[in-house]
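Participant: sequence first, predicted coordinates after that:
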Amino acid sequence: MRGIQTPVRNVRRRIFKEIAKFGYEQRNLQDLEDLPYEIIPGEVAKYRDSIYRERAIVGERLRLAMGMSLNPADKPTRITKEIDESNISEKYYEPPLLQVIPSACNECKEKAFIVGEQCQGCMAHPCMEVCPKKAISFKDGYSYIDQEKCIKCGQCKKVCPYGAIYERKRPCANACGVGAIETDYAGRAKINPDKCVSCGMCMVNCPFGAISDKSQIFQLARALSEGEQIIAEIAPAFTGQFGDNINARNLKAALEELGFSRDQVYTTLELRMKCGVGKCGRCNIGTKYVCKDGPVFRCDEIDELPAEY
């Protein structure tokens, strides 16, 4: 849910913050076992039916933030199981990138068209007439959709004069453009790795925060604390992500404060490009043409340009 500050986003950011601190300060990773109690304090659940469930979900999120896989749900285990494999300054995640946390999934119903209370049982019954599979009948004076026959075409919804037929959607599946969201034996969402393209839209749109991705933020923070040479590349999509007051210059200053030098930070100025071949002259900054001399520049190179971007 982009652009909205939700509890899901707050918990996600808190977890990244704590994991980054563990890496940068090189703290004892066994202390990760205590973090769910710091992130979810007290005795009363705030978001779910049980505070123990909330903490268990946070524990799984901590593992993913460390770049590890989820723990099995049917065996006793710890957050820090096999954590030594991630306690390094460089780690490439092991697929899949995105995972559904089973205990966090709300078991949302799959897509279906449902007849609501607004149905008047009208004489014309256009919903019945347009259904290509004859999945709609009359029961007790109202339209009824046989979900076994329904092919989810939505024609009935379009023609209902009362708007009595609504479309039930599973948010993660609705956001997925490749049909990778399926259902497991317990009715929970699961991701088909053969179809998934790791775009992250299911994660962004899940209102329960049940889908999360593996991160390398711990390894990055540790590498920075050890003085390793790290390159930061800033995509132009950062614009607006951190609020209206954040631009390229103060984002660069923030990276410098984290320990990146100016020759370690790269960004692209491609949003200034028009023709892309150096003919129109609209992308010039001083004597530089973004399309021909860039579009990727180091920040120390950008410092030498006029403040026109």
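Facilitator: Happy to help now that I have it.
Participant: Ile57 is in contact with Ala104, isn't it?
Facilitator: Yes. Under the criterion of CB atoms under 8 Å, Ile57 makes contact with Ala104 at 4.6 Å. C-beta coordinates here come from the backbone N, C-alpha and C atoms, glycine included.
Participant: anything in contact with each of the two?
Facilitator: In the contact map built from CB atoms under 8 Å, 6 or more residues apart in numbering, the residues linked to both Ile57 and Ala104 are Gly209.
Participant: ok, which stretches of this structure are strands?
Facilitator: Per DSSP state E, the chain has strands spanning 98-100, 112-115, 136-139, 142-145, 165-168, 181-183, 189-191, 211-213, 232-234, 265-268, 284-285, 288-289, 296-298. These are given in chain order.
Participant: mind putting those into CSV with mean neighbour count and mean pLDDT?
Facilitator: Formatted as CSV, the entries for the strands of the chain read as follows, by neighbours: other CB atoms under 10 Å; pLDDT from 0 to 100:
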stretch, mean neighbour count, mean pLDDT
strand 98-100, 22, 95
strand 112-115, 17, 95
strand 136-139, 14, 93
strand 142-145, 17, 95
strand 165-168, 15, 94
strand 181-183, 18, 95
strand 189-191, 21, 95
strand 211-213, 22, 95
strand 232-234, 15, 83
strand 265-268, 18, 86
strand 284-285, 18, 88
strand 288-289, 19, 88
strand 296-298, 16, 89
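Participant: wait, which of the ones you listed is closest to Phe242?
Facilitator: Across those, Phe242 has its closest neighbour in strand 232-234 (11.4 Å, CB to CB).
Participant: who are the packing partners of the closest one?
Facilitator: Here strand 232-234 is seen to pack against helix 248-258, strand 265-268 when contacts are counted using 3 or more CB pairs under 8 Å, 6 or more residues apart in numbering; DSSP states H and E.
Participant: mind telling me which of those the model trusts least?
Facilitator: Per-segment confidence across these bottoms out at helix 248-258, which has a mean of 81 in mean pLDDT.
Participant: pLDDT wise, what is Asp184 at?
Facilitator: In the predicted model, Asp184 carries a pLDDT score of 93.
Participant: burial of it, as a residue count?
Facilitator: Residues near Asp184, counting by other CB atoms under 10 Å, number 12.
Participant: quick check: closest non-adjacent residue to Gln216.
Facilitator: Gly67 (5.6 Å; CB to CB, 6 or more residues apart in numbering).
Participant: now find how far off-centre the lowest-mean-pLDDT helix or strand in the chain is within its chain.
Facilitator: None of the helices or strands of the chain scores lower by mean pLDDT, DSSP states H and E than helix 248-258, at a mean of 81. For helix 248-258, the separation from the chain centroid amounts to 24 Å (computed by CA atoms, centre = their mean, to the nearest Å).
Participant: likewise stretch 12-30?
Facilitator: For stretch 12-30 - counting by CA atoms, centre = their mean - the centre lies 20 Å from the chain centre.
Participant: for Asn117, which non-adjacent residue is closest in space?
Facilitator: Slight slip there: residue 117 is Glu, not Asn. Distances taken as CB to CB, 6+ apart place Ala164 nearest to Glu117, at 7.6 Å, with adjacent residues excluded.
Participant: what does the average pLDDT come to for stretch 22-34?
Facilitator: For stretch 22-34, the per-residue pLDDT values average out at 91.
Participant: now Lys158: closest residue in space, sequence neighbours ignored.
Facilitator: On the basis of CB to CB, 6+ apart, the spatially nearest residue to Lys158 that is not a chain neighbour turns out to be Val130, at 7.8 Å.
Participant: the one you found: how many residues sit nearby?
Facilitator: For Val130, the neighbour count with other CB under 10 Å is 15.
Participant: offset the numbering so it begins at 875, please.
Facilitator: Understood, numbering begins at 875; the last thing we discussed is Val1004.
Participant: between the helices and strands packed on strand 1106-1108, which gets nearest to Asp908?
Facilitator: Judged by CB to CB, the one of the helices and strands packed on strand 1106-1108 that comes nearest to Asp908 is helix 1122-1132, at 25.5 Å.
Participant: what about the chain, any weak spots by pLDDT?
Facilitator: Filtered on pLDDT under 70, the chain yields the residue ranges 875, 1113-1115, 1182-1183.
Participant: pretty sure Ala947 sits against Ala978.
Facilitator: No. At 11.2 Å, Ala947 does not count as touching Ala978 under the criterion of CB under 8 Å.
Participant: who's more crowded, the two?
Facilitator: When neighbours are counted by other CB under 10 Å, Ala978 comes out ahead of the other of Ala947 and Ala978, with 23 against 12.
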